Structure formats: C-alpha cells, structure tokens
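Q: Provided below are the primary sequence and the corresponding predicted coordinates.
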Amino acid sequence: MENMESVSNEEGRTDQFPVGMRVLAVDDNPTCLRKLEELLLRCKYHVTKTMESKKALEMLREKSNMFDLVISDVEMPDTDGFKLLEIGLEMDLPVIMLSAHSDYDSVMKGIIHGACDYLVKPVSLKELRNIWQHVVKKNIGSYKKIIAPSRHLLPTSEYAPSGSGKRKEKADDSGDGDDDSDRDEEEDGSEQDGDESSNRKKRRVVWSQELHQKFVHAVQQLGLDSEFKYRLYLKKLDEGQQHNMSQDAFGSRDSSYFHMAQLEGLRDYSSTRQLSSSSLLTRSSLTKFHPSVYSSVNLQGSNSSSFIPPGHHQSSSSSANPFGTYHSPLLARSQNVNLSPLEPLQFPRSKCSPYMGDFKGIADRGISSSFLDSRMSFGSSSTSLPCATSNNLMLQENFGVSDGNQSCLNGLSSFPSHHSWQGNLKTTTRFPSHSLPLNHAFGQDQMTCGGIGLGDYNTSLVSADSHVGVLQCEPPFLGDFMQNMNTHKWEEQNCTMMNNTFGNVDYPLPVDNNMVFRDNNATRSKGVDDSLMMSPIEDSATTLNSRECVGNVTMMDPEMRSSTKLENDLVDNQHDVFDDIMNEMLKQDENNGMVSVAARFGL
Amino acid sequence: MDAHVAQLQMQYRNYILSLYQQGFLDDQFTELKSLQDDGTPDFVAEVLSLFFDDCVKLVGNMARALDQTGTVDFSQVGANVHQLKGSSSSVGAKRVKGLCINFKELCEAKNYEGCVRCLQQVDIEYKTLKAKLQDMFNLEKQIVQAGGIVPQVDIN
C-alpha cells in the first residue's frame, strides 16, 4: 500500500501519480457529492469538495495550481456549471462534467464548451479511475520530455539504430532466421518511416522486451514463410495506400478477409454515427484490422514496464504505412504480445487514434461471430480470448478500467471521448517531478484542501438542513397528499434534523434513533481524515465482484480490457508495422470507449 | 460460531437479497456498500442519511410547487425531480429512481394530476425504503451485538 504521507520528496511524489491527484469536486446534490468524494478517495485522489460553485470558483482563482482536475455537475442553482468549466479552461485545468442528463444535446453542449469528458450519473468507480488521463493530456509536453529519453521513445521522424540494436539483441536469442526477419522488419519500418515522416506524424509505441519476445516467438511458430509473406503484404499495402487494397493484395485467400469485410461494414456504420468533432471517430479511423494480429495479442499478466503517456492519439495524416498512422505512445504495461503474421487486409488511411476498442466491441457483440472464428483460425491467437478473460482481474487491479466507457457497444460511437487507454502509472515509471507541472505538495495541500472541503461542506450541509427545517414548518401540502403528511411529524423532523440520522424521522414504524449512524458532522470529519491520509488501497478483487453487479459491465468487458491492455503494453520505437498495429488497437479502444459512452447516453 | 449469530446473519442475508429481488435496491447500492470499509464504517449510513434528507427536502419543494393556486411552475418541479433522480440513482434506490423517470415525463407534459399522483407515490416509496433500510441496519446492529460480523452479501 502506498502511504501518501511517507512520500515527502519530489521523486516519490511523481511516482505516486495518479495517486494523490488533486481533484475539486463540485455538486449541489449532497448525496451525490458525498458518494463522489468517496469514490475519488478510493481512487487515491486527493479530494476537495463543495456544493457551491461560487466557492469552487474562489478556490480556483485563489491558487492557480491548487488542483489538477475539476469534476463538476452541470446543473447547479447558484452558478451554471459551464462557468466553472470556463474558468477551468482559462487556467488550463481539465474539467470533467457530471450530469444526470444523458441526452445528446447536453453531452454535446458540455463537450463543445470544452469539457474534457462528460460523465453520466451515477458515476462508477471504474470511470473515475481513469480520469487522471485528462491531467496527463493537459501536460503532455512535460510528460514527453520526461518519458522520451528514458523510454527510448523516439521522435516520430527518426529512426534510431540503438533501438533496433536492442531488438536485434533479443532476436539473437531466438535464432538466426528470426533475427534476420527482425532486422528486415526493422528496415522495412525505417523505410516506411523515412518515406512517411515528412508526410505525417506517427505515434509511436514502445517496443518492450516482452513484446518483442512474443513477437519473435510468434514468428517462430508461424515460420519464416509467413513472415516473408507478411512483409510482402506490408509492402503492397504501402504501394496501394490511398485506396482500399483488395484482398488480393496478397497471395493467400483467407476467410478472415470476409469476416473483416463484415467488420469493416460494421465499422462504417459506427463511423457514420460519429460526431464530426471527434477526432477519434472519423471514417478513416476505422481500419480493417487483421484479426490475427488482434487476436494474437496474448494478454497475460501485466508486467510493469515503461510508461508512455498517451498523448498522441490524435490523428496522423495518411501515410504509406499499411496500418495507418497511429503510433501512440502507449502506456506500457508490457504484455506478452503474440503477433502472428498478418494476413492481408487493408488499412485505409486513417487519421485517428486506435479503434481497437470498437473493433473488439463489434466482435463481442456477436455480430461478426465469423470474426471470432477467424481470430481462432490463427494458431497462436486461440489463446487470446481466454487470456483476455483472465486478464480482466489483472486489469481491474492495475488499471481502473473504465467499464462505463467500454461497455454497451452498440455501434454508436458518436461521442468524442478521450478514453484512450492508459495503464496505471503507479506501477511503472518515475517522473522527475521538476519537469511535471503538477505540484503535488501533498502534506501541505492536504491540510489546506481538506480544511476547505470540510468547511464548505459543513456550511452547505448546515444550510441545507436549516432550509429543510424551514420547509417542514410550512403548511402548504395539497389535497390527499396533505393527508398523508403529518405536519406535526414534519416539525419533529425539523427539530431533530441537525442530529439526524435517517433513523430519526418519525415514522409509524419503530425508529431506532442514533443507533448505528453518526451525525453528519462526525462522519464528515472522517471523510476529511480519509482525504488526508488516503484510504487503504482498495482490494480490487472485491471491487471487481461488485463491479460485476454494476449495470455497465457487459459480457465484452474482459475482451475490451484485454484489447486495451494490449495497447498499453506495446512498446516500439522503431517497428512501424507493429507500432501501427498497436495504434490500431488503441484506436479501437478509444472508439470503443466512445461508443459505450454514447450508448450510455441512449443514442 | 454462535448459533444465534449464524441465524441472525442468515436472516440478514435473506433480507438484503429480498430487497434486491423486490426491486428496492440495485447495483449502485452494492457499489455504495463496497465503498464502506474499516476506514469508513458508517459510509453507507451517512450517504443514506443524506439521501433521505434530500427526499424530504425535494418532496417538500415539489409539494409546494404543485400547490400553487393558479400557474404551476412545472420546470421547478422538474428541477427537483431531476435532483431526486440523481440522488436516488447514486444510492441505488431503484424504485424511487424509476418513479422519478415517470415523474420527469409528467412534468414535461405538464400533467398536473399525474404529477400530484406521482409525488405521492414518491413520498410513499422513499419512506418505505427508509423503513426497510432501517430494519437492515438494525439487523446489522444485532449481529454485531451478538458478537458476529456483518456478512458481505453477494448479490449474484
């Protein structure tokens, strides 16, 4: 368990992120606010809460770097939630909007006004576990500087021999043939890279050791012949970039093509539903991703590896790269990636971030059961689904998967979401804190912020109570309804309101006053203590159990998570092909995230 | 283990399950429970307190709004319904939430009679739930007093 209080130095603090991320939570509904606070505390964030947006604005203006992220309800009586959003944007703070409204217009309004994200109440723990990504996005420049040198993350247009040397080293382990093929792969990658660097920016994935080994293993399994075919295919794709390459771009016929075509059709359907404002969901973002590649991702345990901040999901322009143009710096929870040779499928030029989630979703919806078959048709891929399922728990434990975002795929991915998949920082890298704009002054801030939060809340609570008291004394109840209400009882409630536990309300049934419940103030202080001390690390296993009860969890969640996990773990700074594969997967995941969000909005 | 404790625990388990089965509670309540631990032993009670306070307040607001002789401000009623919907969904008060959904539509339709009826139902529903949860907490207390531990109930 990470004890925040023991983290006193700069280095330690950065290691902890997103633990201790300072969140300002604003909601005029006390029930929702208290629950939100607890959920955020569970995510190990530092929470300051208030029911009044005015107070929130004051706090924001008072100290510009007091918070890392704001999460606020949109409908509040004293101030429009959008005002808070504007202030947050001025200060370059990520602001997440929260609302019980899930209709399209509300969501659109939130996003257009610049909200990083829009969450529909009730918010789940999983969704909140992922919100730290928005902080990273806002500070992506700093993260890049920190991460790049230490993680061999290359600038997009560069081909670094050192990286390939590393891989060659690994390839040596697996034999000459593989070694050669690896080198060839690298060269191909560099060629493509060189050709394309001027045309586009590629997001890179970092090629982890485990990933590479898995790749090599896969190649071994499938033989050099496949490898050769694969590279041939890549070259052909290169040549025929601008138009969809037909299946005959390559030699072999595979039923998977047809499956993929089905998927393509499905994806097109999805894409037409997308908001134009979404950079992640353009038509071109949907590429035909080869099932074998996808399925061959063997999602097994998670080994912490380098952390690459996601920042680059944004599109890259079309390129000759057969798999589109995504090289997203993936958070590398390195996974064992078992990459079988790709059958020829086409990858339309794509500008968007990986769509893997979406892809998965489509498969999981069972619409293309043939897709699943095709995935199984590739030798090494058969392990993917079972592994994915078993990975679910692991993912839960380490990622804070945003189930809410990834479930409920129904082909509607119209909501622009920033749910690029990222791994859990706390198990991975070290950020020199000086280069981070986030100021994690835990000890001090905790005290201050906690104090403020408590003060505000108490004030609000008190006023709410008094307000209720006033109401209770008023006579105006109508007709039959009045007969059901005993004004005497209302007054009684009024008197006991301040010390109220809900047992205090006078009902015909026996009431147990002051039994198990404390009054709100006492429990409030406990809440403050929590925020100061950070509650113990949640047992994610048990969380998972309750998550299963949560509405948003669907069957496909394990698959979703596995796919996104894959993205996180792929690390490659040179290998274009696999960069692209992984980027595709990321994109998939992002799309998937968006799909589910849209679905949740009832679109 | 003490037979009495075991019996109480079984009673508790069955009671909780029945609340879910009868549609009083949903998975959000489960999540609420999951947020309670040794560090926050009264979290559920606290949040439910807040919720029932909300109910009292909001129902009162709506009653007043609907009691206007002359023009009824349905948007005011609707705003309160919205709040109640948010609260009820947060704590997993399934029936109350369901009523709020209907209520919202009635407000939008400016259906006065419908709103009044719905408000009455909301009033009854939240009070019923409150009583039920009260009983649940009492059972918990009895278990603890008898020296046992309150069991975690797996809804599945």
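A: Sure thing, it's come through.
Q: shaky segments in chain B?
A: Across chain B, the ranges flagged by pLDDT under 70 are B:1.
Q: ranges for the helices of it?
A: For chain B, helices defined by DSSP state H occupy the ranges B:3-21, B:27-34, B:43-66, B:74-91, B:94-108, B:112-145.
Q: Save the ones you listed as JSON lines, and put in mean neighbour count too.
A: Heads up, the C-betas are built off the backbone N, CA and C, glycines and all. As requested, the helices of chain B are exported to JSON lines (neighbours: other CB atoms under 10 Å in any protein chain shown):
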{"stretch": "helix B:3-21", "mean neighbour count": "15"}
{"stretch": "helix B:27-34", "mean neighbour count": "23"}
{"stretch": "helix B:43-66", "mean neighbour count": "24"}
{"stretch": "helix B:74-91", "mean neighbour count": "24"}
{"stretch": "helix B:94-108", "mean neighbour count": "20"}
{"stretch": "helix B:112-145", "mean neighbour count": "19"}
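Q: Out of the ones you listed, which gets nearest to residue A:212?
A: Ranking these by proximity to residue A:212 (CB to CB) places helix B:27-34 first, at 39.2 Å.
Q: ok, back up a step: let's have the helices of chain B in CSV, adding distance to chain A.
A: CSV is the format used below for the helices of chain B (distance: least, CB to the nearest CB, whole Å):
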stretch, distance to chain A
helix B:3-21, 9
helix B:27-34, 4
helix B:43-66, 4
helix B:74-91, 4
helix B:94-108, 9
helix B:112-145, 5
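Q: Can I get those in JSON lines including distance to residue A:28?
A: Below are those laid out as JSON lines (distance: least, CB to CB, whole Å):
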{"stretch": "helix B:3-21", "distance to residue A:28": "29"}
{"stretch": "helix B:27-34", "distance to residue A:28": "19"}
{"stretch": "helix B:43-66", "distance to residue A:28": "11"}
{"stretch": "helix B:74-91", "distance to residue A:28": "8"}
{"stretch": "helix B:94-108", "distance to residue A:28": "17"}
{"stretch": "helix B:112-145", "distance to residue A:28": "19"}
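Q: Out of those, the one nearest residue A:50 is which?
A: Residue A:50 lies closest to helix B:43-66 among the helices of chain B, at 15.0 Å (CB to CB).
Q: Show me where chain A dips below the pLDDT cut-off.
A: For chain A, applying pLDDT under 70 flags the ranges A:1-15, A:78-79, A:143, A:146-208, A:210, A:219, A:222-230, A:233, A:237-603.
Q: Tell me which residues touch residue A:119, please.
A: Residues in contact with residue A:119, defined by CB atoms under 8 Å, 6 or more residues apart in numbering or on different chains, are A:71, A:96, A:97, A:98, A:99, A:127, A:404.
Q: Might one say that the third one is in contact with residue A:110?
A: Yes: with contacts defined as CB atoms under 8 Å, residue A:97 counts as touching residue A:110 at a distance of 4.2 Å.
Q: shared neighbours of those two, anything?
A: With CB under 8 Å, 6+ apart, residue A:97 and residue A:110 have common neighbours A:74, A:85, A:118.
Q: Dihedrals phi and psi, the first one?
A: Torsion angles at residue A:74 (phi, psi; degrees, to the nearest 10) stand at phi -80, psi -30.
Q: got it, and residue A:49?
A: phi -130, psi 150.
Q: Okay, it and chain B: tell me how far apart.
A: Distance from residue A:49 to chain B, counting by CB to the nearest CB, to the nearest Å: 13 Å.
Q: what about that residue, distance to residue A:122?
A: Using CB to CB, to the nearest Å, residue A:49 is found at 16 Å from residue A:122.
Q: now do residue B:79
A: Taking CB to CB, one finds residue B:79 at 19 Å from residue A:122.
Q: What of residue B:36?
A: 16 Å.
Q: Please apply the same query to residue B:48.
A: 15 Å.
Q: ok, now residue B:54?
A: According to CB to CB, residue B:54 and residue A:122 sit 14 Å apart.
Q: next one: residue B:87
A: 10 Å.
Q: what residues are shared contacts of the two?
A: By CB under 8 Å, 6+ apart, the residues touching both residue B:87 and residue A:122 are residue A:32.
Q: Residue A:25 reaches residue A:35, doesn't it?
A: No: contact criterion CB under 8 Å: residue A:25 and residue A:35 do not qualify, at 10.3 Å.
Q: and for the two, which residues touch both?
A: Common neighbours of residue A:25 and residue A:35 (CB under 8 Å, 6+ apart) do not exist.
Q: ok so, going back, out of residue B:36 and residue A:122, which sits in the more crowded spot?
A: Higher neighbour count among residue B:36 and residue A:122: residue A:122, with 29 against 16, using other CB atoms under 10 Å in any protein chain shown.
Q: Name all residues that make contact with that one.
A: Going by CB under 8 Å, 6+ apart, residue A:122 touches A:32, A:35, B:28, B:86, B:89, B:90.
Q: Go again with 10 Å.
A: Neighbouring residues of residue A:122 by CB atoms under 10 Å, 6 or more residues apart in numbering or on different chains: A:32, A:35-36, A:39, A:98, A:100, A:404, A:550-552, B:26-28, B:31-32, B:86-92, B:97.
Q: How about the residue positioned nearest the centre of chain B, nearest residue that isn't a chain neighbour?
A: The C-alpha lying nearest the average C-alpha coordinate of chain B belongs to residue B:93 (CA atoms, centre = their mean; 3.8 Å). Distances taken as CB to CB, 6 or more residues apart in numbering or on different chains put residue B:129 closest to residue B:93, at 5.7 Å, once the chain neighbours are dropped.
Q: So that neighbour is in contact with residue B:26, correct?
A: No: using CB atoms under 10 Å, residue B:129 is not in contact with residue B:26; the gap is 11.8 Å.
Q: what touches both of those two?
A: Contacts common to residue B:129 and residue B:26, judged by CB under 10 Å, 6+ apart, are B:19, B:88, B:91, B:92, B:93, B:94, B:95.
Q: and the residues you listed, which two are the farthest apart?
A: It's B:19 and B:88 that sit farthest apart of the shared contacts of residue B:129 and residue B:26, by CB to CB, at 14.5 Å.
Q: Run a quick neighbour tally on residue A:92.
A: For residue A:92, using other CB under 10 Å, the count is 10.
Q: ok, it to residue B:116 distance?
A: Separation of residue A:92 from residue B:116 (CB to CB) stands at 49 Å.
Q: related to what we said a few turns ago, got JSON lines for the shared contacts of residue B:129 and residue B:26, with distance to residue B:143 too?
A: Formatted as JSON lines, the shared contacts of residue B:129 and residue B:26 follow (distance: CB to CB, whole Å):
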{"residue": "B:19", "distance to residue B:143": "16"}
{"residue": "B:88", "distance to residue B:143": "27"}
{"residue": "B:91", "distance to residue B:143": "22"}
{"residue": "B:92", "distance to residue B:143": "21"}
{"residue": "B:93", "distance to residue B:143": "23"}
{"residue": "B:94", "distance to residue B:143": "25"}
{"residue": "B:95", "distance to residue B:143": "26"}
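Q: Residues of the stretch 101-250 of chain A that sit close to chain B?
A: By CB under 10 Å from any CB of the partner chain, the residues of the stretch 101-250 of chain A that approach chain B are A:101, A:120, A:121, A:122, A:123, A:124, A:125, A:126.
Q: So which of these wins on neighbours?
A: residue A:122 (29 neighbours).
Q: any chance you could read off phi and psi for that residue?
A: Backbone torsions for residue A:122, taken as degrees, to the nearest 10, come to phi -80, psi 140.
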